[in-house]
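Q: What follows is a predicted structure for the sequence shown.
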Amino acid sequence: MKENKVVPIFGAYFNGNFGDDLMAYLFAECLETKGYIPLLWGGPNYEINGKIWKSVKCVDTFLENAKCVVFGGGMVFCDSFFPEYWNSMEKIIDVCENKDIPIILVSVGSDGDFKNINPVAKRLIRSPVMKAVSLRLKSDLAFVQENTHNTEISCYQDIILTSSKIKERLSKEKVLFCITVSKWEKILMHFLILLMKRKKIKVNSISQFIDKTPNASSYYKVRNNHLENKGVDSLIEAVKESDIVIARGLHVGMFGIASGATFISYKGTYKTSSFLKEVNLDNNYIQSCSLFFKPFLFLKLYQVIKRNLTEKKITHSLSQLDAENHYHFLFRQLGKIFDKQKI
């Protein structure tokens, strides 16, 4: 009898967010190369690298005959504004605990601190079926170690760093904005872009979310140079064609680094700040501030852009090889769970 090698992969794969959907692709692809059959929760409903992965949104179907569940990448030990995510997670934990189905978490973490953590996340971290977790931030280690029991814990750099090969930039003259802005900031952005264009810098913009989703509407659009986001592939192409990526979302900028671009974070989250500090790029993190100081914030942004345009080499402590350890971690855990006989 053939072994059931279906591996359900749970994540926030439902709202057209670049980072989450790219992680869904990375996990699905790596599992398939090892002979497993990936099954995504929700899942992208568009092609990534020419492939569409099977996905479901019914817990019973998702966990039918499951030998384990993989929570694949992203913020887990946190809170967020997506009730659907937490409701689905709780239902999956219920079934896993009732049926003693092990849960493996890979390349997950917090939002840089643990001041706000969803009750479902608290339940997950203390669940007896959470058997192994690989983290992406060193700052998360202590909290996870203190709150878990009989759980294997490792920490490597974020799995998104495995998503691209370095493309050498011979010069720096293309800047991509992927940020949300207020009405006041739009005015300031207009002057900032005029300054950049006078320096012969080509400026484009793109949303972190698919354009047809509500979340895309708050992203800044450079007049006549806004690129359409139809899905993961379109943002990958935009980033690879840029020398500097100015983003709010961690994974847009992290993909930029993986492809050889420079990442500047504007109004990034705590996790973005934590990540940049850990890899010695905290000078590229620009914090939010009060309305009165907004003009000075944009002046700082311009100065950081100018500095990075003149720097020929990016200095950081990132390692794509280290990030690949998340895959090795995953396969070790699956090897313990699945029958190793050939099918």
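A: Happy to help now that I have it.
Q: Only C-alpha atoms from now on, for both contacts and neighbour counts.
A: Will do.
Q: Pairing partners for the helix or strand hosting residue 73, with directions?
A: Per DSSP states H and E: residue 73 is located in strand 69-75. Using DSSP bridges, the strands paired with strand 69-75 are strand 6-10 (parallel), strand 103-109 (parallel).
Q: Pick the most deeply packed of the ones you listed.
A: Among the strands paired with strand 69-75, strand 103-109 has the highest mean neighbour count (mean count of other CA atoms under 10 Å), at a mean of 26.
Q: Find out how far that one is from the centre of the chain, if you would.
A: Distance of strand 103-109 from the chain centroid (CA atoms, centre = their mean, to the nearest Å) equals 13 Å.
Q: go on, stretch 197-211?
A: 21 Å.
Q: mind giving me the domain ranges of this structure?
A: Domain ranges of the chain: 6-157+321-337, 174-318, per automatic domain parsing.
Q: could I get those as CSV with distance to residue 164 and mean pLDDT?
A: Below are the domains of the chain laid out as CSV (distance: least, CA to CA, whole Å; pLDDT from 0 to 100):
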stretch, distance to residue 164, mean pLDDT
domain 6-157+321-337, 11, 92
domain 174-318, 5, 87
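Q: Which of those domains sits closest to residue 166?
A: Nearest to residue 166 among the domains of the chain is domain 174-318; the distance by CA to CA comes to 4.3 Å.
Q: Endpoints of that closest one, how far apart?
A: End-to-end span of domain 174-318 (CA to CA, to the nearest Å): 23 Å.
Q: Return the distance of it from the chain's centre.
A: When C-alpha coordinates are averaged (CA atoms, centre = their mean), domain 174-318 and its chain have centres 16 Å apart.
Q: Likewise for stretch 85-95?
A: So, by CA atoms, centre = their mean, the centroid of stretch 85-95 is 21 Å from its chain's centroid.
Q: quick one: buried residues of it?
A: By neighbour count on 16 or more other CA atoms under 10 Å, the buried set for stretch 85-95 is 85-86, 88-90, 92-93.
Q: Nearest to residue 209, out of the strands paired with strand 69-75?
A: Taking CA to CA, strand 6-10 is the member of those nearest to residue 209, at 19.4 Å.
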